[in-house]
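> Below is the sequence, then the predicted model.
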Amino acid sequence: MLFNHQEVLVSRTSRFIGSLTIKRCLSKNANYITTPIFYVNAKPHLGHFYSMTLADVQNRWMKFNNRETFFTTGTDEHGLKVQLAAQKAGLPPKQFCDGLSEKFKDLARIGEIEYDRFIRTTDPDHIKAVTSFWNVVQKTGCIYEGQHSGWYSISDEAFYTDTDVEEALDEKTGKKMMVSKETGSEVIFQSEDNYFFRISEFQDSLIKFYNSHPDFVQPQKYYDQVMHELTSEKLPDLSISRPSSRLEWGIKVPNNDDQKMYVWFDALVNYITSLGYPEVTDNLTPASHLVGKDITRFHCIYWPIFLMAAKLPMPKRIVVHGHWLMDGRKMSKSRGNVADPVDISAYYDADALRLFMMRNATLTSDCDYSEVKVFDTRNEFIDKFCNMVMRGLSKSFNYESSLSLIKKSSLKGISEHMEPDKSLEKDVTDLFDTVNGLPSSIDADVSNFIMPPALEQIWDISRRANMLFEKYKPWELKEKVTNSDAVNSANLNRRTLIVFAAVDSMRCVFILLQCFAPLYAKKLLDTLHVSKDRRSLKYARIGADLDYAKDVKIKKHGSVPIVKVDLRK
């Protein structure tokens, strides 16, 4: 990698460790994919890993289809909540952030998250970008000074109005307190001098934008919620700074040491920092922002308005997902129901967790975490995917010879030299058609972060491949010593067709699974001795590669590259 203090040239496959200015040369049609940057007041949880994985699968899929991509994730490191957490830990804020940011990087590494840049809001190029962004917006007259009074939540880093809060009982102490209706976080009433952003002046423009871009927020239910908020009442202006006397750990407001920038004003700018802002302002690539449902107001209202004020292009879309629960309840340390993705991955494999989440979580609703379901997903994958391949590669079928026979005679030739069987021919033809059409069939769903139906189609291939074995019993078609060479040849050809149809279908599936479960896919493609240069999209077709499975030796029937483990107690 060649760099100087002004520019970093990043290879598309590298993991970026950023503190210098980036200059990205992305086309307007590139797929710029972002997760939220995660707050470092505590270690990563399941929701963070879900956002990362959802974005990673889509990014891998785009690259797999030879589409230009740029994928960022990272950590949000300023604000009062981090300041207080650092004080509690007895550490300077930067040292505290360094430690937790590394935990998020570790999660990405363990989970096989292939980002292009991991951005931190403490990176020098980000601080420069935010400061420049503030100055640009301030020159437009969109920022003014005033006094702010309201209900402030340290946990949410946000002010709430009287109508947004209610009285509640503290579960631990039984005492009455005021909480946010939306998040349930405790709030306290505060008055202070701040800088404000003229959000209200952009309300009509944003409504107009939404009306002309009905797919801007996805799924539809979240678009409707945002539109309801925009059209039901006048938006209040937003306080975008905090007194330095209260907030020490933040980015200084330009030319005013007494104020620090509001953490959300700081954090949202990360999306253009990664594109090279402020050096790069022309043709900034529109992003697909993947966010949790609890931060839609910041991404769907404030961020577009900030961009309007700075006269920068809007994101391509904002895709919203739900939360992860346990037994129908929000995960909480006090309840002892927090699922640790690093711990889960260490025992069951990251790919087992990836597959469980991608198969079960929909964007439109919250999803319940269950370790039993992770365990079941892993075992089902071994039973349906791994065991199918092991059966096909067993000594009794001599799969390498079957491939040689197909190369010599072709599939059509094999079919013509066996006893007519319309049922088998139909099952095989239908399976081949489905496998060959699979990449285009799942493309729209994966491209829109809708993973369960895509994985269901992949799972269906494994079920049908296993069904071929069970229905047509190729192990009963061993060559028999008879006086008829024709009978021997017919049995051999029939057996060859059945085994090839099942195993080659799985080879194609494993190529596609590289986007969803990269480590499992690699193990299975390695088991099949598929060449590393034949694992791309063009080889995900029946018969596209007939040179694999050479010198494969299966030690015993039932041995698999992914070993079952017991359910943890």
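Arrived safely. Residues are numbered from 1 along each chain as shown.
> Please make it C-alpha for all contacts and neighbour counts, starting now.
Noted.
> Can you pull out the low-pLDDT segments for the stretch 451-569 of the chain?
Applying pLDDT under 70 to the stretch 451-569 of the chain flags the ranges 478-488, 554-559.
> all helices of it, in order?
In the stretch 451-569 of the chain, the helices defined using DSSP state H, counting those that start in this stretch lie at 452-472, 485-513, 518-527.
> the domain parsing of the chain - what is it?
Per automatic domain parsing, the structural domains of the chain span 16-321, 371-539.
> Quick check: which element contains residue 37?
strand 31-39 (DSSP states H and E).
> my bad, residue 425
Taking DSSP H and E as the criterion, residue 425 maps to helix 422-447.
> coming back round to it: residue 364 is nearest to which of the domains of the chain?
Nearest to residue 364, of all the domains of the chain, is domain 16-321, at 6.4 Å by C-alpha to C-alpha.
> centre of the chain versus the closest one, how much separation?
18 Å (C-alpha atoms, centre = their mean, to the nearest Å).
> pLDDT of that domain, averaged?
Average pLDDT, domain 16-321: 93.
> Quickly note the distance from residue 404 to residue 124.
59 Å (C-alpha to C-alpha, to the nearest Å).
> if we can go back for a sec, just put the helices of the stretch 451-569 of the chain in CSV and tack on distance to residue 322.
As requested, the helices of the stretch 451-569 of the chain are exported to CSV (distance: least, C-alpha to C-alpha, whole Å):
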stretch, distance to residue 322
helix 452-472, 14
helix 485-513, 24
helix 518-527, 24
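> Need the winner for burial among those helices.
Highest mean neighbour count of these: helix 485-513, a mean of 23 (counted as mean count of other C-alpha atoms under 10 Å).
> Just want the angle from it to helix 452-472.
Here helix 485-513 runs at 160 degrees with respect to helix 452-472, directions being taken by axes from the mean of the first three to the mean of the last three C-alpha atoms, to 10 degrees.
> helices and strands around helix 485-513, which ones?
Other elements packing on helix 485-513 under the criterion 3 or more C-alpha pairs under 8 Å, 6 or more residues apart in numbering; DSSP states H and E are helix 387-392, helix 399-416, helix 422-447, helix 452-472, helix 518-527.
> just so I know, which of those helices lies nearest residue 348?
Closest among the helices and strands packed on helix 485-513, using C-alpha to C-alpha: helix 518-527, at 11.9 Å.
> What lies in contact with that closest one?
With contact meaning C-alpha atoms under 8 Å, 6 or more residues apart in numbering, helix 518-527 is reached by 112, 351, 386, 507, 510-511, 513-514, 549, 552, 561-562.
> Pick the one among those closest to residue 30.
Checking these against residue 30 by C-alpha to C-alpha gives residue 514 as the nearest, at 21.3 Å.
> separation between the closest one and residue 374?
19 Å.
> Please apply the same query to residue 171.
Distance check for residue 171 against residue 374: by C-alpha to C-alpha, it reads 31 Å.
> Compare those two (neighbour count), which wins?
The neighbour count for residue 171 versus residue 374, taken as other C-alpha atoms under 10 Å, is higher for residue 374 (22 against 9).
> Now the strand or helix carrying that one: buried residues?
Secondary-structure assignment from DSSP H and E places residue 374 in helix 371-381. Using 16 or more other C-alpha atoms under 10 Å as the burial criterion, the residues of helix 371-381 that qualify are 371, 373-375, 377-379, 381.
> now the angle from that helix to helix 518-527?
Angle of helix 371-381 versus helix 518-527, following the same axes, to 10 degrees, is 20 degrees.
> for helix 371-381, packing partners?
Applying 3+ C-alpha pairs under 8 Å, 6+ apart, one finds that helix 371-381 contacts helix 341-348, helix 350-360.
> about what we covered before: ok, then the element right after the strand holding residue 37?
Remark: after strand 31-39, the chain's next helix or strand is helix 46-64, criterion DSSP H and E.
> after that next one comes which helix or strand?
Scanning forward in sequence from helix 46-64 by DSSP H and E, the next helix or strand is strand 69-76.
> For that next one, which strands pair with it and how are they oriented?
Strand 69-76 has these partner strands in its sheet, going by DSSP bridges: strand 31-39 (parallel), strand 117-120 (parallel).
> how about the helix or strand that the shortest one is followed by: buried residues?
If you walk from strand 117-120 toward the C-terminus, the next helix or strand you reach (DSSP H and E) is helix 124-139. Buried residues in helix 124-139, counted by 16+ other C-alpha under 10 Å: 125-127, 129-131, 133-134, 136-137.
> ditto for stretch 262-279
Residues 262-278 are the ones in stretch 262-279 that count as buried (16+ other C-alpha under 10 Å).
> Can you list the neighbours in contact with it?
If you take C-alpha under 8 Å, 6+ apart as the criterion, stretch 262-279 is touched by 21-24, 34, 37, 72, 76, 78-79, 117, 119, 121, 125-126, 129-130, 132-133, 157, 239-242, 250-251, 284-285, 287, 298-299, 303.
> Derive a PyMOL selection command for the buried subset of these.
PyMOL command restricting the contacts of stretch 262-279 to the buried ones, with burial defined by 16+ other C-alpha under 10 Å:
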select buried, resi 21+22+23+24+34+37+72+76+78+79+117+119+121+125+126+129+130+133+239+240+241+242+250+251+284+285+287+299+303
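> ok, for the residue positioned nearest the centre of the chain, nearest residue in space, not its chain neighbours?
Note on the chain: the residue nearest the mean C-alpha position is residue 54, at 1.9 Å, using C-alpha atoms, centre = their mean. Take residue 54 and drop its neighbours on the chain: the residue closest to it by C-alpha to C-alpha, 6 or more residues apart in numbering is residue 449, 6.6 Å away.
> neighbours around that neighbour, how many?
If you count neighbours by other C-alpha under 10 Å, residue 449 ends up with 23.
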